[in-house]
Structures are given as C-alpha cells and as structure tokens.
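Colleague: need the 3D shape of this:
(chains A and B)
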Amino acid sequence: MRWSQTFIPTLREAPADAEVASHIFLLRAGYIRQLSAGIYSYLFLGQRALLKIIAIVREEMDAIGQEFLLPALHPAELWQSSGRWQGMGDNMFRLKDRYQRDFCLGMTHEEVMADIARKELRSYKQLPQIWYQIQNKFRDEPRPKSGLLRVRQFTMKDSYSFDIDEAGLDLSYKKHHAAYCRIFERCGLNYVVVEAHSGAMGGSQSHEFMVQSDAGEDLVAVCRACGYAANLEKASAAVPPASDPEAGQEPALFATPGQRTIAEVTAFTGEDANRLIKSLLYMVDEEGKQVPVLFLLTGTHELNEAKMGAALGGHAARPAQAGEIEKYTGAPAGSVGPVGLSGVRLVADLALRGRRSLIAGANREGHHLRHVTPERDFQTEWADLRTVCDGDLCPQCQAPLKVIKTVEIGHIFKLGRKYTESMQVRVLDANGREIVPIMGSYGIGIERILTALIEQNHDEAGFWMPPVVAPFDVVVTPVNLKDPAIMAVAHDVYATLRRAGKDVLLDDRDERPGVKFKDAELIGIPVRVTVGKKAGEGIVEVVQRSTREVQEVPVAALLDAVALASGAARLQESTR
RNA sequence: CGGGGCGUAGCGCAGCCUGGUAGCGCACCUGCCUUGGGCGCAGGGGGUCGCCGGUUCAAAUCCGGCCGCCCCGACCA
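Modeller: Numbering: from 1, shown residues only, chains lettered A, B, ... in the order given. Have a look, this model is predicted:
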C-alpha cells in the first residue's frame, strides 16, 4: 500500500481532551476519531489493527466453539423474561419502535443465546454447546473515559456454553481459559489471570484477564511469591500483626468536639488510624424490612461492598441516612461506635479480632471512647469485610501482596442456571427426565486489546505493536523521492517484502525525511526499512521500532533482517 | 448524580477582566527552494467565536438559560 494513497491523518499535537497514552496515540496516529462521549469511529489504521486482533480471536475461538451473529436490537420481553429489563437500569440504551413497543440495544447476550437454546435444544445429546459471536455492545456508561478504555459502544467477543452438569461447565470454562491465554499471548500482551467477583452477572466462579497499566480502572492484588492474584473486589488477605497496649483499662469517655472523620480524630488524638475503629451503619433489606447493621473496621481499612454483600447473605444494603443513624445510635455520623448499642446487628472485620484498647465513637455527639477492646466491650459477628491493601499478607503463602492497577481485557464466568432457569431452558437427560442445562459466559473486549497494547508499548514518539496485530508489518521509508536510485531500491524492497507475504506500507509521500520518520514512529508499525544514502550500494537500514535498533543490510539479506526485527519485537512483548 | 475545568479555523492556543478591528503557531492550497529527523521564502484559502435569549447604538467579550466535551468522585457484566 502506498502511503500517498491512504488516509492516515496523523496529528503533531494531541487534542487537549486526551490524557492517557493510548488515547493520545490512537488520535495522533489517525486510528480513531471521536463522534461523541464514549463513541468512536475507527479509521483505516484502527480498523486494520482491530481486524487483525479479531482474526486471532476468531481462529482460537473456532477451535473450541461455533461462531454466530446475534441481533444488537432486542425486544423488551426477552429481558423481562430474565428479570434484567429492570436490573440493568440506566446502563441500558432503550428505545421504542413505531408501535411504541419497548426495545433495547444489547449490552450483553445471555438472553438471546438462552432464547435460542430454549427454542432449539431438546436432548442431552445436543450438549455441550459453545456458541460465540464478535459483535457490538451498547452500554450507557455513567462516565465514558480514557479514549477506547471505557466507551458506550464497543466490539466484544462473547461466548456462551451450555452443559448438562457442573463437570461439563468446568470443561467449557477450562477450554475458554486456555483459548484466552492463547489469544492474549499471540497478541503479545503481558497479562495476569485473577480471581474475580461475579457481580451482577451472578454465578459461582469467575476469572478476569488483566493487563497492568496506570490507565486501568481495576485494582488487583498479586503475590510475586506464589502467583496468587485476585481483583480487589474479591481478594482476601491477612493483616500484618499490630502492636496494641494491654487491655487493662475500661472504656473511657472523652470529648472530641467537631472531630468526625478518621483523619480528624487521628490528628486530634495523636493515635494512628490503625488504632481507630471505623463504624459504618447500613440499612439492610430483609424480606422487605429495613434492618440496621453496623460494620466495624480499623481506621485504615475500606469496607468492601462485595464482601459486605456476602456477609449479609446476599441481602441488599445501603448506607444509612443521617436521620437513621441518629435514631439507632443516638449520635450523628462521626461519633458512632459499637459499645453499648442495642437493636443493631454488629459485623466486624477480621482485622479487628484480637485488637485491644482502641478508639471508637461513643454514640454521643462530639465524644469518643478510649480503651475499647472487641469481645470484651462489645459482642460482634466476624467477617472478612475490608478491601485488601498493599502490603497485606498473601492468603496462600503469607508473602506481602502488591496492589496494581489494571485494564480488564477478558472475563470468564460460570453462570450456573440463573438464565437457563429463569428463561426455562430444558433438555431431556439419558433417563428421559427434564433437566436445566448449566451455562457459562465469556467475554473479550476487542478494543481493549488494542488499548492495552499501546499502554504497554509506547514511548514519547509513539507506539509499536507485534506484527500480528499491527496494521502493517513494515513501513518502507525512502528519504528522497527525487533520487532515482533511492526510489528504485525502495520499490524493489517493497516488492520483495510483498512477495514474502508481508503487509507493507510504502511511504511515497513527497515529504522531508524528518516528517516521514516521525510519522513512522508514531503509528505502531514494528519495523521500518529506511532507503537512503547507501541505496546506490544496495544497502538499506532495518529499524526495530521498540528498541530503535538500526541494522544496515544488503537488499539481498532484507527478509532475514526484517524477520529478525519482527521476531525480536514479538519476543520482547512476551517476555516482559 | 456531586465537584472541578473547558467550548474562538483541522490541531494547539491568545483575545474576554476594561464591549467597537477575530488573531498567533502548526496543518492546508499555489509557486520557488530543500531532501537523513516535523526545512526555508513568497503568496493564498478557511472561523454562525457551542446554542438560544437578554442588556446595549454596538456582544467572542456583560447577564440569564440550555447543550456539548474532559477530569475527579459516585456508579459500573
């Protein structure tokens, strides 16, 4: 392909809106343009890269499943039958047809797949099935951000498995796990697989595939010693032991006028936040009745709402309002504590177990208590409630955990029978009895692979990608169009590479060399062949973008040198 | 939804406080020149100043309302 004939609108300066590297470079390299918040057009280079990623995904998915293509437009009844028409809330794009019937744009496709299953599957002999598609998803995100990282329309590879029993689901799950690893490896991503919280999808087990990046939105705890890795929504850990004074003294009231937050009380008393008890009142919905529950943590820890939900056996909870806090504790928020409360259920985080002589709210405005010792001064239930912190101890091997920021590129779920049951999918088993198949669902964010690659592989001038996903394998840069010797060699190089099956971009624009070099370095192509001064002697330069390593080679040895530079680029990706 | 910021040519910005001429750099077009790191010279094209309303002889500028975009938070399969 000749650069002069293509539309690659590179930008010298980044639009002021872009802050994260992948966003800046996708815009500057002419891969994408924004249409609206969280809605992007993919231009020539962007679409080319995405198609290459999709080709890899398709190849690996074809090895374990069958490709479908489902509608993006769904009737409301479908989602009502699974109960998610309400459940998805404002995140769902909704619209009406000309007869005022409700429709939505698909944000995921469990319902459509389950609908096909319930209409078509009759016998256990038809199972297992793995069905997948590569399709657009629509989600009205409250806050789209960071270029392609969090958007309202995106491409997802989503697949769904139907099995007779748990053992079958386990196998389908493992197949996906392995296929995902192959996909991300081939894309040259450095990723980790982490235990994940199943969230609104429901289900028993799930793993996320994560790429470390400061642009990411998910926090993940990883253990360098044993390999344990889990999303912070899910991670558990032991806390390094704290040193408390002896628990001799009785709780003692003291005035803390106007001191409400942990930070204020810490500053006021001179005690470490670790020696404070944080008390959070929630209202829990138990069979329609609102029941107050006080959650207790140390001042340094954050309540993890997913774990809180688990501690409550799945009952919905919300933070208590000011009036409710006064009603149940007799004090405003900021002076609430566990001692002497009645009619309120207490649940304390395990990190408070065995602690002594702490500071807690006194349930009296502007007052706290010193020398509060759990289980002596108040009785409580215990649960793992807190969000794991950097430095907490690995639950498997007790080594310190590291908390890192990541981008989620894939997620696999064991769904169980949530959808097959609510949507009444049934087949006959070998004994002629009706059984409800068990389901899994599995997703890969296609654009996020591209984004994560750029986050992982960029410098100040631009980015680079492995040849398998880069829009072109090689860019050929003749430094002077007016020099016949240079142009003859450039065309020769171009033809040679093409014959070898490479995707080649020939920069035949009548620009100065500096412009061409800058552009070549910007747009993500892993190898550049510069045709310049020594063209007359039949010598060109092969430049590896990731390292900027330059190698002078005779045209005769071109293919080996390019292969080496490409391969080296790939090697570098996978060993990081 | 709460907090903050921004909206003037394709991109980056100035002008607004103190009302009257819409400007700079890059990009773009033409010609010349140059050709190993965003070259030089000359000439040129392009903007309903986000939208609506108000004040005023006069509004990019002052006032009111609305819309859009970005960031932080909340939220989030």
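Colleague: check which residues of the lengthiest helix in chain A are buried.
Modeller: Longest helix of chain A, by residue count under DSSP state H: helix A:166-186. Within helix A:166-186, the residues scored as buried using 16 or more other Cβ atoms under 10 Å are A:168-169, A:172-173, A:175-176, A:179-180, A:183-184, A:186. No exception for glycine: its C-beta is placed from N, CA and C like everyone else's.
Colleague: so how far is the following helix or strand past it from its chain's centroid?
Modeller: Once the chain leaves helix A:166-186, the next helix or strand it forms, by DSSP states H and E, is strand A:191-195. Relative to its chain's centre, strand A:191-195 lies at 10 Å (Cα atoms, centre = their mean, to the nearest Å).
Colleague: mind giving me the packing neighbours of the very next helix or strand once past strand A:191-195?
Modeller: Downstream of strand A:191-195, the first helix or strand assigned by DSSP H and E is strand A:205-212. If you count contacts as 3 or more Cβ pairs under 8 Å, 6 or more residues apart in numbering; DSSP states H and E, strand A:205-212 packs onto helix A:166-186, strand A:191-195, strand A:218-222, strand A:402-416, helix A:446-456.
Colleague: adding distance to RNA strand B and pLDDT, write the buried residues of helix A:166-186 out as a markdown table.
Modeller: Shown next, in a markdown table, are the buried residues of helix A:166-186 (distance: Cβ to the nearest atom of the strand, whole Å; pLDDT from 0 to 100):
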| residue | distance to RNA strand B | pLDDT |
| --- | --- | --- |
| A:Gly168 | 22 | 97 |
| A:Leu169 | 17 | 96 |
| A:Ser172 | 17 | 97 |
| A:Tyr173 | 15 | 97 |
| A:Lys175 | 19 | 98 |
| A:His176 | 13 | 98 |
| A:Ala179 | 16 | 98 |
| A:Tyr180 | 13 | 98 |
| A:Ile183 | 16 | 98 |
| A:Phe184 | 16 | 97 |
| A:Arg186 | 21 | 96 |
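Colleague: between all of those residues, which two are separated the most?
Modeller: The most widely separated members of the buried residues of helix A:166-186, counting by Cβ to Cβ, are A:Gly168 and A:Arg186 (27.2 Å).
Colleague: who's in contact with the residue nearest to the spatial centre of chain A?
Modeller: In chain A, the C-alpha nearest the mean C-alpha coordinate belongs to A:Glu408, at 1.8 Å (Cα atoms, centre = their mean). For A:Glu408, the contact set (Cβ atoms under 8 Å, 6 or more residues apart in numbering) comprises A:208-210, A:216-218, A:445, A:448.
Colleague: so where do the strands sit in the stretch 351-500 of chain A?
Modeller: A:358-361, A:367-372, A:381-383, A:402-416, A:427-428, A:434-435, A:438-445, A:463-464, A:474-478 (DSSP state E, counting those that start in this stretch).
Colleague: nearest to A:Ala452, of these?
Modeller: Nearest to A:Ala452 among these is strand A:402-416 (5.1 Å), distances taken as Cβ to Cβ.
Colleague: between strand A:205-212 and that closest one, find me the angle.
Modeller: Put simply, strand A:402-416 runs at 150 degrees to strand A:205-212, going by axes from the mean of the first three to the mean of the last three Cα atoms, to 10 degrees.
Colleague: any low-confidence regions in the stretch 451-576 of chain A?
Modeller: A:569-576 (pLDDT under 70).
Colleague: hmm, try it at 90
Modeller: With pLDDT under 90 as the threshold, the stretch 451-576 of chain A has low-confidence stretches at A:567-576.
Colleague: which residues of it lie near RNA strand B?
Modeller: For the stretch 451-576 of chain A, the contact set with RNA strand B under Cβ under 7 Å from any atom of the strand comprises A:461, A:479-483, A:510, A:512-515, A:517-519, A:521-522, A:530-534, A:541, A:543, A:550.
Colleague: which of these are buried?
Modeller: Counted by 16+ other Cβ under 10 Å, those give A:479-480, A:483, A:517, A:519, A:521-522, A:530-532, A:534, A:541, A:543 as buried.
Colleague: got CSV for these, with secondary structure too?
Modeller: Output for those, formatted as CSV (DSSP: H, G, I helix; E, B strand; the rest coil):
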residue, secondary structure
A:Val479, coil
A:Asn480, coil
A:Asp483, coil
A:Phe517, helix
A:Asp519, helix
A:Glu521, helix
A:Leu522, helix
A:Thr530, strand
A:Val531, strand
A:Gly532, coil
A:Lys534, helix
A:Glu541, strand
A:Val543, strand
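Colleague: quick revisit: out of the buried residues of helix A:166-186, who's nearest A:Leu149?
Modeller: Closest to A:Leu149, out of all of those and judged by Cβ to Cβ, is A:Phe184, at 16.9 Å.
Colleague: residues contacting that closest one?
Modeller: A:191, A:209, A:409-410, A:449.
Colleague: cutoff 6 Å now
Modeller: Residues in contact with A:Phe184 (Cβ atoms under 6 Å, 6 or more residues apart in numbering) are A:Tyr191.
Colleague: name the residue of chain A that lies nearest to RNA strand B.
Modeller: Here chain A gets closest to RNA strand B at one residue, A:Gly532, 1.8 Å apart by Cβ to the nearest atom of the strand.
Colleague: count the residues that sit near the closest residue to A:Val469 other than its chain neighbours.
Modeller: The shortest distance from A:Val469 to any non-neighbouring residue, by Cβ to Cβ, 6 or more residues apart in numbering, is to A:Lys52 (4.8 Å). Neighbourhood size, A:Lys52 [other Cβ atoms under 10 Å]: 21.
Colleague: what's the helix or strand where A:Lys52 lies packed up against?
Modeller: Element membership for A:Lys52 (DSSP H and E) is helix A:44-62. Applying 3 or more Cβ pairs under 6 Å, 6 or more residues apart in numbering; DSSP states H and E, we find helix A:44-62 packed against helix A:166-186, helix A:446-456.
Colleague: tell me which of these sits nearest to A:Met439.
Modeller: helix A:166-186 (7.6 Å).
Colleague: tell me how far that closest one is from the chain's mean position?
Modeller: 18 Å.
Colleague: restrict it to CA atoms and write it as PDB.
Modeller: Taking C-alpha atoms only, helix A:166-186 is exported to PDB below (Å, rounded to 0.1, in the frame of the first residue of the first chain):
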ATOM      1  CA  GLU A 166     -21.100 -28.900  36.600                       C
ATOM      2  CA  ALA A 167     -18.400 -31.200  35.300                       C
ATOM      3  CA  GLY A 168     -19.300 -30.200  31.800                       C
ATOM      4  CA  LEU A 169     -19.300 -26.500  32.700                       C
ATOM      5  CA  ASP A 170     -16.000 -26.900  34.300                       C
ATOM      6  CA  LEU A 171     -14.600 -28.300  31.000                       C
ATOM      7  CA  SER A 172     -16.100 -25.500  28.900                       C
ATOM      8  CA  TYR A 173     -14.700 -23.000  31.400                       C
ATOM      9  CA  LYS A 174     -11.200 -24.500  31.100                       C
ATOM     10  CA  LYS A 175     -11.400 -24.500  27.300                       C
ATOM     11  CA  HIS A 176     -12.100 -20.800  27.400                       C
ATOM     12  CA  HIS A 177      -9.400 -20.200  29.900                       C
ATOM     13  CA  ALA A 178      -6.900 -21.900  27.700                       C
ATOM     14  CA  ALA A 179      -8.200 -20.200  24.500                       C
ATOM     15  CA  TYR A 180      -8.000 -16.800  26.200                       C
ATOM     16  CA  CYS A 181      -4.400 -17.400  27.200                       C
ATOM     17  CA  ARG A 182      -3.500 -18.300  23.600                       C
ATOM     18  CA  ILE A 183      -5.200 -15.300  22.200                       C
ATOM     19  CA  PHE A 184      -3.600 -12.800  24.600                       C
ATOM     20  CA  GLU A 185      -0.200 -14.400  24.200                       C
ATOM     21  CA  ARG A 186      -0.400 -14.300  20.400                       C
END
